[in-house]
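Student: Below is the sequence, then the predicted model.
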Amino acid sequence: MINWLRVALCVMLLILVSLALMPIQIICLWLDLRPRRWLPRYWHRVACLLLGIRVCVHGELDHRRPLLLSANHVSWKDILVLSSVADAVFVAKSDVKSWPIFGVLARLQASIFVERGQKRTTGQQVNEIGRRLADGEIVVLFPEGTTSDGNRLLDIKTSLFGAAASAIPQSPTGVVHVQPLAISYTGIHGMPMGRYYRPIAAWPGDIGLLPHLIGVLREGALDVDVDFGEAVDYDRQSNRKEVSRTIEQRIRKMLSDRLRGRAATGGTSATAPALLSQKGPQRT
């Protein structure tokens with residue numbers, strides 16, 4: 001009974017926050033105002049707080065632009081986690097538009113929707129990603145193309161890195177910076193999560209969205225570690241497959257080290273005001 005009361009309270013508070021911020025975000029999107037980039041960060045921080053998701057950041061977001069973030073993909077919660085620590089837009093499948101709640105949120109965050117398997121529109125989609133990168137926006141790419149069980153990194157699709165190449169002509173320096181990052185769900189109720197409990201956090205895709213959402217709301221108290229790795233400079237001479245291989249290796253190592261407890265401890269809370277400028281791991 002207490003669990004359901006907490007779920008109801010969380011939902012009500014999140015609706016109130018959404019109603020307060022949504023009109024402002026719609027106006028900013030319509031007029032293409034700068035606040036449209038950072039307003040979602042505050043909404044996602046509130047969402048993480050209400051859902052009981054505690055985010056710990058290790059390393060720092062690269063300050064150079066254009067910047068493409070490449071991350072492993074575990075669940076829809078990855079969006080909440082990453083959006084709470086960086087003013088980013090996401091590359092998502094076109095069918096996400098029709099999802100209840102999440103489709104609306106994706107459009108409000110100005111996500112870039114792609115039609116996978118539609119070769120005739122691939123060039124336009126890649127150019128759109130390139131344009132957004134060149135305009136200074138931080139674009140997040142999930143190169144696995146789907147969600148995993150949270151215990152490993154799936155094979156990544158090298159073709160998705162064509163977005164970085166498309167932004168090179170519009171980059172003032174002729175370089176696009178591709179930064180790897182690893183999202184690791186490591187704790188539940190203050191205890192190590194382990195392989196057995198990680199499906200609570202993961203959403204592999206064969207589980208219904210609504211049941212999984214309700215399960216997360218009822219469970220709460222999840223610890224998530226976000227590790228920022230060393231960026232790779234992508235220029236005209238770069239080989240896409242080599243860059244993607246390097247990014248894959250770095251994500252895989254950060255994820256493996258974090259899940260096995262071999263990575264450096266400590267970090268920065270996602271609610272810290274100076275989060276994006278912090279250097280080195282701290283935790284609150």
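Tutor: Yes, it's here. Numbers count the residues shown, from 1 in each chain.

Student: And the one helix or strand Val11 maps to, what does it pack against?
Tutor: Assigned by DSSP states H and E, Val11 belongs to helix 2-31. On a contact count with 3 or more Cβ pairs under 8 Å, 6 or more residues apart in numbering; DSSP states H and E, helix 2-31 meets helix 35-51, helix 102-108, helix 209-219. Placement of C-beta: from N, CA and C, glycine included.

Student: Please work out which of those helices is packed deepest.
Tutor: When these are scored by mean count of other Cβ atoms under 10 Å, the highest mean neighbour count falls to helix 35-51 (a mean of 19).

Student: For the helix or strand that that one is followed by, buried residues please.
Tutor: Moving toward the C-terminus from helix 35-51, the next helix or strand (DSSP H and E) is strand 53-58. For strand 53-58, the neighbour count (16 or more other Cβ atoms under 10 Å) marks Ile53, Arg54, Val55, Cys56, Val57, His58 as buried.

Student: rewinding a little: least confident of the helices and strands packed on helix 2-31, on average?
Tutor: Lowest mean pLDDT within those: helix 209-219, at a mean of 69.

Student: returning to that earlier point: between the buried residues of strand 53-58, which sits nearest Arg45?
Tutor: Arg45 has its nearest neighbour among these in Val55, at 8.7 Å by Cβ to Cβ.

Student: Could you give the bridge partners of the closest one?
Tutor: Val224 (DSSP bridges).

Student: next one: Tyr234
Tutor: Beta-bridge partners, per DSSP bridges, of Tyr234: Val176.

Student: looking at it, it is touching Val178, isn't it?
Tutor: Yes. In terms of Cβ atoms under 8 Å, Tyr234 counts as a neighbour of Val178; the distance is 5.3 Å.

Student: Overlap of the contact sets of those two?
Tutor: Leu68, Phe161, Ala164, Val243 (Cβ atoms under 8 Å, 6 or more residues apart in numbering).

Student: Pull out the buried members of those residues.
Tutor: The buried subset of these - by 16+ other Cβ under 10 Å - is Leu68, Phe161, Ala164, Val243.

Student: any idea how far Ile168 is from the second one?
Tutor: In this view, Phe161 and Ile168 are 12 Å apart by Cβ to Cβ, to the nearest Å.

Student: Find residues that contact each of those two.
Tutor: Tyr234.

Student: ranges for the helices of the stretch 101-250 of the chain?
Tutor: Taking DSSP state H, counting those that start in this stretch, the helices of the stretch 101-250 of the chain run over residues 102-108, 119-134, 162-167, 194-197, 209-219, 240-259.

Student: closest one to Ala8 among the ones you listed?
Tutor: Comparing the helices of the stretch 101-250 of the chain by Cβ to Cβ, helix 209-219 comes nearest, at 9.3 Å.

Student: hmm, back to that, want to try CSV for the shared contacts of Tyr234 and Val178, with pLDDT and distance to Arg34 as columns?
Tutor: What follows is the shared contacts of Tyr234 and Val178, written out as CSV (pLDDT from 0 to 100; distance: Cβ to Cβ, whole Å):
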residue, pLDDT, distance to Arg34
Leu68, 95, 20
Phe161, 82, 28
Ala164, 85, 24
Val243, 93, 30
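
Student: Tabulate those (a markdown table), appending distance to Leu108.
Tutor: Converted to a markdown table, the shared contacts of Tyr234 and Val178 look like this (distance: Cβ to Cβ, whole Å):
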| residue | distance to Leu108 |
| --- | --- |
| Leu68 | 22 |
| Phe161 | 27 |
| Ala164 | 26 |
| Val243 | 31 |
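
Student: which among those gets closest to Pro23?
Tutor: Leu68 (30.8 Å).

Student: Now do the helix or strand hosting that closest one: everything it contacts.
Tutor: If you go by DSSP H and E, Leu68 is part of strand 67-71. Taking contacts as Cβ under 8 Å, 6+ apart, the residues outside strand 67-71 that touch it are 61, 78, 82, 86, 88, 133, 138-143, 156, 161, 163-164, 167, 176-183, 231, 234, 247, 251.

Student: Whichever of these end up buried, select them in PyMOL.
Tutor: In PyMOL, this line selects whichever of those come out buried by 16+ other Cβ under 10 Å:
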select buried, resi 61+78+82+86+88+133+138+139+140+141+142+143+156+161+163+164+167+176+177+178+179+180+181+182+183+231+234+247+251
